[in-house]
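[1] could you work out the structure for the sequence below:
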Amino acid sequence: MKKTARMAAIAGALVLIVSACGSKDDNNDSSSGDNGSSQAESNPDFKACMVSDSGGFDDKSFNQTSYKGLTDATTNLGLADFGSIESQNDSEYADNINAMLQQNCNIITTVGFKLGDATLAAAKANKDVDFAIVDYGYAKPPPNLRGLSFNTAQSSFLAGYLAAGMTQSGSVGTFGGINIPTVTIFMDGYWEGVQYYNQQNDTDVKVLGWDETTQEGVFTNDFENKTKGQTSAQSLIDQGADVLFPVAGPAGLGGLQAAKDSGGQVKAIWVDTDGCVSAPEYCDVLYASVAKGMDVAVEDAIADSVHGQFDNKPYVGTLDNGGTDLIYGSDLESDIPQDLKDQIATLKQDIIDGKVTINSKVQPQ
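    The predicted structure follows:
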């Protein structure tokens, strides 16, 4: 199947079966993929590898979805082996990439904005190895390095519109993990979506936790501490927010817990994956999820490397190509008025057609 067709199909495929990813890998662990007899391809001499950021492969978010792309590629391309390393902290990134190089990996995918510098250095020093990085782009990457980015400002705009349409208190909230572009792009889009709802419906819904105009807001300052996420969320709830948008990886799960503890008064919208699949214990508080097709983008990069077609042309997932989308929660979709869903469907097409412009300055080009 052509790459463009595969990316266009992500909107349906974004209901990710990430629970199959399993438990965390130990450092320097190399695992064998399932190379069954039904394989359409067989590439037993090719090894694909991955390095996570400090969130780990069971973060119920973007590391886990990216890891699914690695395991899917291993199965679908008939690879005999893959390698993966979980980073425990930011100081390990360069060493962990080097450990994968020592395992003779043909392509190494790194996951997360914070690995940008280490990945670029490794790609420049190892021109015979292909590299891909999730959530990072370069102005002039070397020929063996591809950035995989996602314009989640678009899908988060839809999420903000949804939140504004569902709030009962007149206030919605968001918080981030760390103030970096791959986090604030979600928060920008969410903020703008609320403003657009107000403009279209003559309302005055407030956004707590982020102001795009000042680029100031609430952050846990990490992606791992669920307690910090719960504290941040509870602070927003105490100020009146009744729809939360956590953008903080595993720390964001604390926001979902705060919503769950509210006794039905607070709902949420998840990010990166379909939360009803990756974190089903919280599906009863999720109106929707802003999802990214990281698994498909990763698998396609690996496939291009296997087939000798790898290049440094950056991939940007959008609403138009299906690389990102808003997915309604399976438990609460029936609570969303059809008229509001119709407005969101029209808004999605207007964004695709350029009739509605998103202003976030951190959108990938």
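
[2] all contacts plus neighbour counts: C-alpha atoms, from now on.
    Noted.

[3] now do the contacts for the nearest residue to Gly116 once chain neighbours are set aside.
    In this structure, Gly116 finds its nearest non-sequential neighbour in Tyr136, 6.3 Å apart by Cα to Cα, 6 or more residues apart in numbering. Residues in contact with Tyr136 (Cα atoms under 8 Å, 6 or more residues apart in numbering) are Gly112, Phe113, Gly116, Gly147, Leu148, Ser149.

[4] convert the C-alpha atoms of stretch 191-204 to CSV, please.
    Output of stretch 191-204 as CSV, limited to C-alpha atoms (Å, rounded to 0.1, in the frame of the first residue of the first chain):
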residue,chain,number,x,y,z
TRP,A,191,-7.1,27.5,24.0
GLU,A,192,-7.8,28.7,20.5
GLY,A,193,-10.7,26.2,20.1
VAL,A,194,-12.4,27.6,23.2
GLN,A,195,-12.0,31.1,21.9
TYR,A,196,-13.5,30.1,18.6
TYR,A,197,-16.4,28.5,20.3
ASN,A,198,-17.0,31.7,22.2
GLN,A,199,-16.9,33.7,19.0
GLN,A,200,-19.3,31.4,17.2
ASN,A,201,-21.8,30.9,20.0
ASP,A,202,-21.6,34.3,21.9
THR,A,203,-20.3,32.7,25.1
ASP,A,204,-17.5,33.4,27.5
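
[5] for the residue sitting nearest the centre point of the chain, give me its contacts.
    Note on the chain: the residue nearest the mean C-alpha position is Asp272, at 3.0 Å, using Cα atoms, centre = their mean. For Asp272, the contact set (Cα under 8 Å, 6+ apart) comprises Ser61, Phe62, Thr65, Ser289, Val290, Ala291, Lys292.

[6] sec struct for the fifth one, please.
    Counting by DSSP: H, G, I helix; E, B strand; the rest coil, the backbone at Val290 sits in strand.

[7] show me the protein divided up by domain.
    Per the record, the chain has its domains at 3-150+294-317, 152-292+332-353, by automatic domain parsing.

[8] how about those, which one is nearest Gln365?
    domain 3-150+294-317 (7.4 Å; Cα to Cα).

[9] so for the biggest strand by length in the chain, what gets flagged as buried?
    For the chain, the longest strand by residue count, based on DSSP state E, is strand 43-51. Of the residues in strand 43-51, Asn43, Phe46, Lys47, Ala48, Cys49, Met50, Val51 count as buried by neighbour count, 16 or more other Cα atoms under 10 Å.

[10] pull the contacting residues for the third one.
    With contacts defined as Cα under 8 Å, 6+ apart, Lys47 is in contact with Leu79, Ala80, Asp81, Phe82, Gly83, Asn104, Cys105, Asn106, Ile107.

[11] derive a PyMOL selection command for the buried subset of those.
    Command for PyMOL, covering only those of those found buried under the criterion 16+ other Cα under 10 Å:
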select buried, resi 79+80+81+82+83+105+106+107
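
[12] how about the contacts of Lys47 in a markdown table, adding pLDDT and secondary structure?
    Compiled in a markdown table, the contacts of Lys47 are given as follows (pLDDT from 0 to 100; DSSP: H, G, I helix; E, B strand; the rest coil):
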| residue | pLDDT | secondary structure |
| --- | --- | --- |
| Leu79 | 95 | strand |
| Ala80 | 83 | strand |
| Asp81 | 85 | strand |
| Phe82 | 95 | strand |
| Gly83 | 96 | strand |
| Asn104 | 95 | coil |
| Cys105 | 97 | coil |
| Asn106 | 97 | coil |
| Ile107 | 98 | strand |
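
[13] identify the residues contacting the longest helix seen in the chain?
    The longest helix of the chain (DSSP state H) is helix 181-201. If you take Cα under 8 Å, 6+ apart as the criterion, helix 181-201 is touched by 113, 135, 151-161, 163-165, 174-177, 203-207, 210-212, 247-248, 358, 360, 362-363.
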